[in-house]
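Asker: Got a predicted structure plus its sequence, pasted below:
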Amino acid sequence: MSNSAPRWWRLIGTALSFTAFGLGALLLAVPITLNRLLPGPAPARARRGQYLVHRAFRLHLWLMETLGVMRCRVDGAERLSGKGQLVIANHPSLIDVVCLIAQLRHANCIVKAQLWRNPFTWGPVSGAGYISNRDSAQMVDEAVAWLRGGGTMVIFPEGTRTRPNTPPRFQRGAAHIALRADCRLTPVRVRCTPTTLTKAEPWYRIPPRRFLIHLRVGEDIELGPFLDDGVTPMAVRRLTHYLEQRFTQETDAHERQPGTGPQATDHQHPGS
């Protein structure tokens, strides 16, 4: 699809993408349900469910890129291959969740409790063993157990989508989980250019051109300096503050680079 696809076509493509996502979620409930009937312990069934979600998200990205709605670019994807790895990312757009999970074959997530009451999302989130944020103490315990068992976890520490042109404000849950699990902590900086599908923005308000989701996987963050006195409330606050500063500084540095601001042109070839 050409980079200069007309607006009317991208609007149709966006509508088709949302429709496909909803139908896909309903259809995914079939293999997810069958997976529950297969033998094996609960963690093994959860990993199989996570792989099904991963493949479905990769297919959905292919559809959106083929329709000329968006592109997804990943730098440093080789750093997303470890066990016992906590991946944290900012959350500028609704679609960045799909882009990130599409890079991870087996990844657990912390998701909003209301997704268990949504008929479109109940099947995938329950079948993949995702963790609800309904009870914060139980949420932390389950996430720590998953990481200590060698699993991969994805968390968006803001808890909601980032408002455009505002610095990230992280909740402390991600830092608490990272310090208690003493795991690999890998930051992923997400940019959406031009901005779209932000918080409270309707799907039909499409950007002036095909948008790019850019995932930049950073080097692992050393947790040792934050654990001098154990997992204390002060250590959690210090790590949370450090993460906020790091993500803010990386955003500022990126925006100072030529050709990366909001008016940058879409001139690269589609990625995966």
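Answerer: It's in.
Asker: for Cys109, helix, strand, or coil?
Answerer: Three-state assignment for Cys109 (DSSP: H, G, I helix; E, B strand; the rest coil): strand.
Asker: Which residues does it form beta bridges with?
Answerer: The residues listed as beta-bridge partners of Cys109 by DSSP bridges are Val154.
Asker: if I read this right, it contacts Trp146, doesn't it?
Answerer: No. Using Cβ atoms under 8 Å, Cys109 is not in contact with Trp146; the gap is 10.2 Å. Placement of C-beta: from N, CA and C, glycine included.
Asker: what is in contact with the two at once?
Answerer: Contact with both Cys109 and Trp146 is made by residues Ile131, Met153, according to Cβ atoms under 8 Å, 6 or more residues apart in numbering.
Asker: So which bits of stretch 44-57 are buried?
Answerer: The neighbour-count check on stretch 44-57 (16 or more other Cβ atoms under 10 Å) flags Arg45, Ala46, Arg47, Arg48, Gly49, Gln50, Tyr51, Leu52, Val53, His54, Ala56, Phe57 as buried.
Asker: so Gly22 is in which element?
Answerer: Taking DSSP states H and E as the criterion, Gly22 maps to helix 7-37.
Asker: by contact count, what packs against that helix?
Answerer: helix 42-66, helix 122-127 (3 or more Cβ pairs under 8 Å, 6 or more residues apart in numbering; DSSP states H and E).
Asker: What helices and strands are in contact with the last one?
Answerer: With contacts defined as 3+ Cβ pairs under 8 Å, 6+ apart, helix 122-127 has these neighbours: helix 7-37, helix 42-66.
Asker: just to revisit the earlier point, out of the helices and strands packed on helix 7-37, nearest to Leu94?
Answerer: helix 42-66 (11.8 Å; Cβ to Cβ).
Asker: And the contacts of the closest one?
Answerer: Under Cβ under 8 Å, 6+ apart, the answer for helix 42-66 is 1, 13, 16-17, 20-21, 24, 28, 31-32, 35-36, 38, 40, 70-72, 95, 98-99, 101-102, 104-108, 124, 127-129, 146, 149, 151, 270-272.
Asker: Given the helix or strand just after it, what are its sheet partners and their directions?
Answerer: The helix or strand immediately downstream of helix 42-66 is strand 70-75, counting by DSSP H and E. Paired neighbours of strand 70-75 in the sheet (DSSP bridges): strand 211-217 (parallel).
Asker: Tell me where the chain is predicted with low confidence.
Answerer: 1-4, 251-272 (pLDDT under 70).
Asker: For the spatially most central residue of it, what is the enclosing helix or strand?
Answerer: The centre of the chain sits closest to Val97, judged by Cα atoms, centre = their mean, with a distance of 3.3 Å. Element membership for Val97 (DSSP H and E) is helix 96-101.
Asker: Give me the phi and psi angles of the residue lying closest to Phe170 once chain neighbours are set aside.
Answerer: Closest residue in space to Phe170, ignoring its immediate chain neighbours: Pro157 at 3.8 Å, by Cβ to Cβ, 6 or more residues apart in numbering. Dihedral angles of Pro157 (phi, psi; degrees, to the nearest 10) stand at phi -60, psi -20.
Asker: Can we start the residue count at 835 from this point?
Answerer: Taking 835 as the first residue, the last one we looked at is Pro991.
Asker: nearest to Arg1025, of the helices and strands packed on helix 841-871?
Answerer: Across the helices and strands packed on helix 841-871, closest to Arg1025 is helix 876-900 (Cβ to Cβ), at 16.3 Å.
Asker: now the angle from the closest one to strand 904-909?
Answerer: Here the directions of helix 876-900 and strand 904-909 differ by 120 degrees (axes from the mean of the first three to the mean of the last three Cα atoms, to 10 degrees).
Asker: Please determine how far the residue lying farthest from the centre of the chain is located from Gly883.
Answerer: Within the chain, the residue lying farthest from the chain centre (Cα atoms, centre = their mean) is Asp1063, at 31.1 Å. In this view, Asp1063 and Gly883 are 38 Å apart by Cβ to Cβ, to the nearest Å.
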